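*Asks:* Sequence and predicted structure are below.
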Amino acid sequence: MKVSAIETRLVEVELANPIRTAVHDMASVGCVLLTLRTNDGLVGESFIFTLNAARIKAFDEMVRGLGQLVIGSDPHDTEAIWHRLWTEVNPTGHKGVTVAAMSAIDVACWDLVGKAADLPLHKLFGACRDEVDTYASSGLWFSTPTEALGPEAAAFVEGGFRAVKLRIGSERIADDVARVRAVREAVGPDIGVLVDANQAFAPKHAIALARRLEPFDLVWLEEPVVTHNLRGSGEVRAATEIPIASGETEYTRYGMRDLLEAQAADVLMPDLQRIGGYSECRKAAAGAAMFDTPISTHFFTEHSLAIAGSTQNCMSVEHIDWFAPLFNEEVEVVDGKLRVPDRPGTGFTFRS
C-alpha cells in the first residue's frame, strides 16, 4: 500500500454563539480536512484547526507542502514518515504550524493503517479500555454571566455528564470564587468540577485564588499562569491542594518533558494537533507514565478516543462538540463516559 495522492479541504464551522475565555474571543473554527489516498483505494482522514479560521491558509499550505513528501510512502511506516517530516521542518521550526501539519499527516497515516487491518486504532495500539471518563467542555465560558452558570451546568448533568468545566479569569478573586460557587451549588457534591483559567494570572494571584477555591473540591485548576512560565506554574502547584493541569499549548514530547521536569503540573493535557499526532502523543503518554502522571487529552474528542482506549494513564477525554458537524459518526456519552468506537481506523469519517 502506497500513498498516491493528498487532498485538503477548508471548512469553517460556525459556533452556536460567540464565546470568550480570558484570552480568546471565538465565533468559529476553521478546519483543514486532510485526505490521504492510496493506490489500493483506501482513504485516511484527519484535521487541524484554527480559531476563527485565522491564518487557516498558512496551515493548509504547510499540510500540502509536507504532504508531498509522503506520496509514494507506505503509511505503515509511521515512525519513518514522522522523523522525515521532523527533519524537513528543522529550518522552519519545531513548534507551531509545522507540528500541526505533521500531526495531520500522522493521524491520517494511522487511520489508513487501522483501515488496512480492519481494526480500530486502540486495538492496534494495545487496548486497555472501551470507555473513558469525560467532562462537558462546550459551555460555562468566561463570557457566560455568573447568574447563568448554575442552570447551564445543571443542564449538562441532566444530559448525562458527570463532570463539567468552567472558565474563569476575572481581575477580582471574589468574582471567580462566585463563579465556581455557582457551579458547585448547581451540580452538587458528586459531580466533578474542573476550572480553566486560560493562562490569565500571575503566580501570586493564582496562588491566592487557588487557596480560596480549595473548599469546592475541584478536579483540577487548568493553566493558571501563562504557559511558558513553568516556574510559576510549579509555584502554584506547590502552594495548593488542587491538582494543576497543563500542556495543551506545549509541542511534542519535549514540551511534556519540560513540564514534568519543572514539576509544573499534576495532569498533562496533550493536544493532538500540537503534540505531533498519534505517534508523538503515545510517546508523551509513556513519558508521563514514567512519572506516574496522568494525562487528559485536550480537544479533538473524536480522534483522541484511540489514545484513551490504549493508554492506561489517560484519565479522561475532553468533550467538545465544535467538530461534530465534520463527521458522519457521533461520539457516544453513556453514564458520564465516552465509548471508544470499534470501527476501523479512528472510527470517524468526514461528511462529503
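*Replies:* Structure received. If you're wondering where the values come from, they're calculated on a predicted model, not measured in any experiment. Numbers count the residues shown, from 1 in each chain.
*Asks:* From Ile295, how far off is Val107?
*Replies:* When distance is defined by C-beta to C-beta, to the nearest Å, Val107 is 17 Å away from Ile295. C-beta here means a position set from N, CA and C on the backbone, and glycine is covered the same way.
*Asks:* Ala265 now?
*Replies:* In terms of C-beta to C-beta, Ala265 sits 10 Å off from Ile295.
*Asks:* Any chance you could list residues touching both of the two?
*Replies:* Overlap of the contact sets of Ala265 and Ile295 (by C-beta atoms under 8 Å, 6 or more residues apart in numbering) consists of Gly247.
*Asks:* May I have the beta-bridge partners of the residue nearest the centre of the chain?
*Replies:* Nearest residue to the geometric centre of the chain (C-alpha atoms, centre = their mean): His298, 1.9 Å. Following DSSP bridges, His298 is listed with bridge partners Asp271.
*Asks:* host element of Thr134?
*Replies:* strand 131-136 (DSSP states H and E).
*Asks:* what does that strand contact?
*Replies:* Outside of strand 131-136, the residues within contact range by C-beta under 8 Å, 6+ apart are 156, 159, 161-165, 192, 194, 219, 301, 305, 308-309, 314-319, 333-334, 336-340.
*Asks:* Buried only: go through those for me.
*Replies:* Among the contacts of strand 131-136, those buried by neighbour count (16 or more other C-beta atoms under 10 Å) are 156, 161-165, 192, 194, 219, 301, 305, 308-309, 314-319, 333, 336-340.
*Asks:* domain parsing for the protein?
*Replies:* Taking automatic domain parsing as the criterion, the chain consists of the domains 3-117, 123-339.
*Asks:* Deepest-packed of the ones you listed, please.
*Replies:* domain 123-339 (a mean of 20; mean count of other C-beta atoms under 10 Å).
*Asks:* Ends of that domain, what's the gap?
*Replies:* This stretch, domain 123-339, spans 14 Å end to end (C-alpha to C-alpha, to the nearest Å).
*Asks:* And stretch 295-303, how far out from the chain middle?
*Replies:* Centroid separation for stretch 295-303 versus its chain: 4 Å, with C-alpha atoms, centre = their mean, to the nearest Å.
*Asks:* show me where the stretch 151-300 of the chain has helices.
*Replies:* Taking DSSP state H, counting those that start in this stretch to define them, one finds helices in the stretch 151-300 of the chain at 173-187, 203-213, 230-239, 252-261, 272-275, 277-290.
*Asks:* would you list the ones you listed in CSV and tack on distance to Leu124 and mean pLDDT?
*Replies:* Converted to CSV, the helices of the stretch 151-300 of the chain look like this (distance: least, C-beta to C-beta, whole Å; pLDDT from 0 to 100):
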stretch, distance to Leu124, mean pLDDT
helix 173-187, 37, 98
helix 203-213, 41, 98
helix 230-239, 34, 98
helix 252-261, 20, 98
helix 272-275, 17, 98
helix 277-290, 10, 98
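*Asks:* Tell me which of those helices lies nearest to Asp130.
*Replies:* Nearest to Asp130 among the helices of the stretch 151-300 of the chain is helix 277-290 (17.9 Å), distances taken as C-beta to C-beta.
*Asks:* Would you map the strands across this structure?
*Replies:* Assigned by DSSP state E, the chain shows strands spanning 3-20, 25-38, 43-51, 131-136, 163-167, 192-196, 220-222, 244-246, 267-268, 295-297, 314-319, 333-334, 337-339.
*Asks:* Quick one: closest of the ones you listed to Gly276.
*Replies:* The closest of the strands of the chain to Gly276 is strand 43-51. By C-beta to C-beta, the value is 11.5 Å.
*Asks:* and the angle for that closest one with helix 277-290?
*Replies:* Going by axes from the mean of the first three to the mean of the last three C-alpha atoms, to 10 degrees, strand 43-51 is angled at 70 degrees with respect to helix 277-290.
*Asks:* CA atoms of strand 43-51 as PDB?
*Replies:* What follows is strand 43-51, C-alpha atoms only, in PDB (Å, rounded to 0.1, in the frame of the first residue of the first chain):
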ATOM      1  CA  VAL A  43      -8.600   6.700   2.400                       C
ATOM      2  CA  GLY A  44      -7.000   8.100   5.500                       C
ATOM      3  CA  GLU A  45      -8.500  11.300   7.100                       C
ATOM      4  CA  SER A  46      -7.600  13.800   9.800                       C
ATOM      5  CA  PHE A  47      -8.000  17.500  10.500                       C
ATOM      6  CA  ILE A  48      -6.400  20.500  12.200                       C
ATOM      7  CA  PHE A  49      -7.900  23.900  13.100                       C
ATOM      8  CA  THR A  50      -7.500  27.500  14.000                       C
ATOM      9  CA  LEU A  51      -9.800  29.700  16.000                       C
END
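*Asks:* neighbouring contacts of that strand?
*Replies:* 24, 26, 28-38, 56, 59, 63, 75, 100-101, 103-112, 115, 273, 277, 303, 323, 326, 345-346, 348-350.
*Asks:* before we move on, back to that, okay, the strands of the chain in a markdown table with mean pLDDT and distance to Leu260 next?
*Replies:* Below are these laid out as a markdown table (pLDDT from 0 to 100; distance: least, C-beta to C-beta, whole Å):
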| stretch | mean pLDDT | distance to Leu260 |
| --- | --- | --- |
| strand 3-20 | 97 | 31 |
| strand 25-38 | 98 | 30 |
| strand 43-51 | 98 | 25 |
| strand 131-136 | 98 | 22 |
| strand 163-167 | 98 | 23 |
| strand 192-196 | 98 | 21 |
| strand 220-222 | 98 | 16 |
| strand 244-246 | 98 | 11 |
| strand 267-268 | 98 | 8 |
| strand 295-297 | 98 | 11 |
| strand 314-319 | 98 | 16 |
| strand 333-334 | 95 | 31 |
| strand 337-339 | 98 | 26 |
